[in-house]
Structure formats: C-alpha cells, structure tokens
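S.K.: Predicted model follows, preceded by the sequence.
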Amino acid sequence: MPNAGSARGRAEIRSKPQRGVPDEAAEILRAGVVAHVGFAVDGQPYVIPMTYHFDAARPDEIHLHGTQHGRLMQHLADGAPACVTVTLVDGLVYSRTAKYHSVNYRSVVAFGRAGPQPAAEERRALLDGMVARIFPGRTAGRDYEPMPDAHLEATAFVTLRVEEWSAKARRGGPLGPQDAEPDDASPYTRGVVPLREA
C-alpha cells in the first residue's frame, strides 16, 4: 500500500486534516474517471487531465492513459516525478452566508514516478480493464470490437508507482453560524444539491 502522508511528507493534509479519509483512497480511485497529472519540464509546471485505470489489487499503481509519442507520456515514462489528483464532486453546498457556500467532495492526491510503458498485451488488458471499470458490464468481443493491433500501437499507458498518497473528503451541510438556526428563523436558505452518491 502507498504510504499515507507522514508529518513532513508530500501527502500530508495541512488544511482541515480532520477531513482525511486514508481508508477511502482506493475506493475514490476506483470511482474516478479523470486524473489531473502535474509535472514540470525545465521549470515550467503543467497539469494535464487524463483518463486512467486503477485496480485495487495493485494499489501502488495508477495507469495513465494517453497516445503514443506524446510529450507528456514520454516525459513520464522517463521517470519524471509526478503528482496525480482525482476528485469526485458529490454535492453543491449552499449556505445562508456567502462565505460558507462549499462543495462536498472526495479526493486523492498521489505522488510517484512512472517507468517505461508496458508491453502490448498488458496495454490491451489495461484498456479493457479501464473500459470495464468506467462502463460496468461492457466486455470486449460482446459489447465492442476487441482492439486491433493497429489501434493498440497508437495507445499508450504509463504506470505511476505511487510512493505516497492522501485522501480527503467534505460531507454534510453548510457550516455557517446562521445555518444552525431553524428554517423559520431566517429569510435565507441552506442545503445541499446532490450530484452523486457519496
């Protein structure tokens, strides 16, 4: 298992550490679709959204999906350090006070390095696994055409070896002082607009 943030680790949660949910990290990564990948080239930082695959049986790996010959994939495959963030937005929180409007979310921040991309057949298995995770029930050969070799040659994965990660969540309603008052005591409204099941 990746190391949860230590007292001085990169993954340490410094703001609202009581919201840390390290035991939910794998669940969040299984449910996510897009990972934002941060890296630097010659001192210039970049953050790129990517699809990815995560298998809870291999919790120290996040497989980032892209195209062959892309600068990002080559940079990561060369072993550059990277930061991967996956966020699930569960609800919009509205308060009786502007300051206390918020978002209910679950997120994982992972740090690590990638290596050379896997061989062709492992890439095929990763792609089929990613499709099955994001589109539950879909199976190659039954619901869609199995990937021909020509398509596989254009498909890249790099595997981030996770060194540290942290997971954090915000749940519940608004936390402003006016939000604790009964509804009939205020002309303003409060509540949560759910966007997905947490």
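M.R.: Okay, I see it. Numbering: from 1, shown residues only.

S.K.: those strands in this protein, which residues are they?
M.R.: All strands of the chain, identified by DSSP state E, fall at 3-4, 34-41, 44-53, 61-67, 81-94, 102-114, 155-170, 191-194.

S.K.: among those, where is the model least confident on average?
M.R.: Of all the strands of the chain, the minimum mean pLDDT falls on strand 3-4 (a mean of 70).

S.K.: Just put the strands of the chain in TSV and tack on distance to residue 10 and mean neighbour count.
M.R.: For every residue, glycine as well, the C-beta is placed using N, CA and C. What follows is the strands of the chain, written out as TSV (distance: least, CB to CB, whole Å; neighbours: other CB atoms under 10 Å):
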stretch	distance to residue 10	mean neighbour count
strand 3-4	10	16
strand 34-41	12	17
strand 44-53	15	15
strand 61-67	15	20
strand 81-94	8	19
strand 102-114	5	21
strand 155-170	6	21
strand 191-194	32	13
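
S.K.: Quick check: which of those strands is nearest to residue 138?
M.R.: Closest to residue 138 of the strands of the chain is strand 44-53 (CB to CB; 14.0 Å).

S.K.: who's in contact with the residue nearest to the spatial centre of the chain?
M.R.: Nearest to the mean C-alpha position of the chain, by CA atoms, centre = their mean, lies residue 86 at 1.6 Å. Contacts for residue 86 (CB atoms under 8 Å, 6 or more residues apart in numbering) come out as 28, 29, 32, 34, 35, 36, 52, 107, 108.

S.K.: hang on, the earlier thing: export the strands of the chain to JSON lines and tack on distance to residue 11?
M.R.: Converted to JSON lines, these look like this (distance: least, CB to CB, whole Å):
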{"stretch": "strand 3-4", "distance to residue 11": "7"}
{"stretch": "strand 34-41", "distance to residue 11": "13"}
{"stretch": "strand 44-53", "distance to residue 11": "17"}
{"stretch": "strand 61-67", "distance to residue 11": "14"}
{"stretch": "strand 81-94", "distance to residue 11": "9"}
{"stretch": "strand 102-114", "distance to residue 11": "6"}
{"stretch": "strand 155-170", "distance to residue 11": "4"}
{"stretch": "strand 191-194", "distance to residue 11": "28"}
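
S.K.: Among the ones you listed, which comes closest to residue 135?
M.R.: Distance to residue 135, taken as CB to CB, is lowest for strand 44-53 among the strands of the chain, at 11.8 Å.

S.K.: quick one: strands adjacent to the closest one?
M.R.: Next to strand 44-53 in the sheet, as set by DSSP bridges, lie strand 34-41 (antiparallel), strand 61-67 (antiparallel).

S.K.: Name the residues that touch the first one?
M.R.: In other words, strand 34-41. With CB under 8 Å, 6+ apart as the test, strand 34-41 has contacts from 45-52, 62, 64, 71-72, 75-76, 80-87.

S.K.: Let's see it as CSV, backbone CA atoms only.
M.R.: Output of strand 34-41 as CSV, limited to C-alpha atoms (Å, rounded to 0.1, in the frame of the first residue of the first chain):
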residue,chain,number,x,y,z
VAL,A,34,-10.3,11.8,-14.9
ALA,A,35,-6.9,12.3,-13.2
HIS,A,36,-5.2,15.7,-13.3
VAL,A,37,-1.5,15.0,-13.7
GLY,A,38,1.0,17.6,-12.6
PHE,A,39,4.6,17.6,-13.7
ALA,A,40,7.4,20.1,-14.6
VAL,A,41,9.5,20.4,-17.7
